[in-house]
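[1] With the sequence up front, the predicted model follows.
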Amino acid sequence: NAGVTQTPKFQVLKTGQSMTLQCAQDMNHNSMYWYRQDPGMGLRLIYYSASEGTTDKGEVPNGYNVSRLNKREFSLRLESAAPSQTSVYFCASRGVGGQEGEQYFGPGTRLTVT
Amino acid sequence: QKEVEQDPGPLSVPEGAIVSLNCTYSNSAFQYFMWYRQYSRKGPELLMYTYSSGNKEDGRFTAQVDKSSKYISLFIRDSQPSDSATYLCAMRTSGTYKYIFGTGTRLKVLA
């Protein structure tokens, strides 16, 4: 099992450009999440999807959109990138019951907006 | 006041030391408590999971939850240089999809 995979690993954008961050999981998990991690701020939830076909805003959704394409895939789109969106982005998935019911993270995407 | 407070460190200890990492929280409804380990430039990795109060042990790692004091701890025995990482606490209430994370404590174990 690959677990949670994210592409790309690194990206540099100019202000105003758009891009989509891809996330996929092969653990048959229902829930998926997008976080951003900034120094001193910890992990902040951008959007989450409790199940296929549903998405909800987290703590910092402004400037982002998401698509839960199917049970495996959850993408994050930046329509018009801003320097404030320079961050490391993590996708996570979550199963059901016991330790499996907690979050498992991907390796991250390092995004720089100039 | 943040819902979860965690000392950012860095915490430097010699190899073989016992390490104690802590988080305090304010929401008494939290019931699920996790510790994640994050190596530099990697994603967080689930290390320990505890439901409600009590202790849980896994090898050199012990997680403790004291709900009366709203305090959780992670102990690392016989610490190794490979334990050098940032440790994040996380918690949630029952029936929710939202997690609250601490900001992480950087640990350096010196050989």
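    Okay, I see it.
[2] quick one: contacts of the worst-scoring helix or strand of chain A on mean pLDDT?
    One helix or strand of chain A scores below all others by mean pLDDT, DSSP states H and E: strand A:103-105, with a mean of 92. Identification of contacts with strand A:103-105 by CB atoms under 8 Å, 6 or more residues apart in numbering or on different chains yields A:3-4, A:25, A:27, A:29, A:33, A:90-95, B:34, B:36, B:43-46, B:90, B:99. C-beta coordinates here come from the backbone N, C-alpha and C atoms, glycine included.
[3] from these, which ones fall inside strands?
    A:4, A:25, A:33, A:90-94, B:34, B:36, B:45-46, B:90 (DSSP state E).
[4] okay if I get these as TSV plus distance to residue A:112?
    Compiled in TSV, the ones in strands among the contacts of strand A:103-105 are given as follows (distance: CB to CB, whole Å):
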residue	distance to residue A:112
A:4	22
A:25	26
A:33	22
A:90	16
A:91	18
A:92	22
A:93	26
A:94	29
B:34	30
B:36	24
B:45	25
B:46	28
B:90	27
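[5] what would those residues look like in a markdown table with neighbour count and pLDDT?
    Formatted as a markdown table, those follow (neighbours: other CB atoms under 10 Å in any protein chain shown; pLDDT from 0 to 100):
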| residue | neighbour count | pLDDT |
| --- | --- | --- |
| A:4 | 24 | 95 |
| A:25 | 25 | 95 |
| A:33 | 26 | 96 |
| A:90 | 25 | 98 |
| A:91 | 29 | 98 |
| A:92 | 26 | 96 |
| A:93 | 25 | 94 |
| A:94 | 20 | 90 |
| B:34 | 22 | 93 |
| B:36 | 25 | 95 |
| B:45 | 14 | 94 |
| B:46 | 17 | 92 |
| B:90 | 24 | 94 |
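[6] quick check, nearest of these to residue B:107?
    Using CB to CB, residue B:36 comes nearest to residue B:107 of the ones in strands among the contacts of strand A:103-105, at 12.7 Å.
[7] From residue A:96, how far off is that closest one?
    Per CB to CB, to the nearest Å, residue B:36 is found 19 Å from residue A:96.
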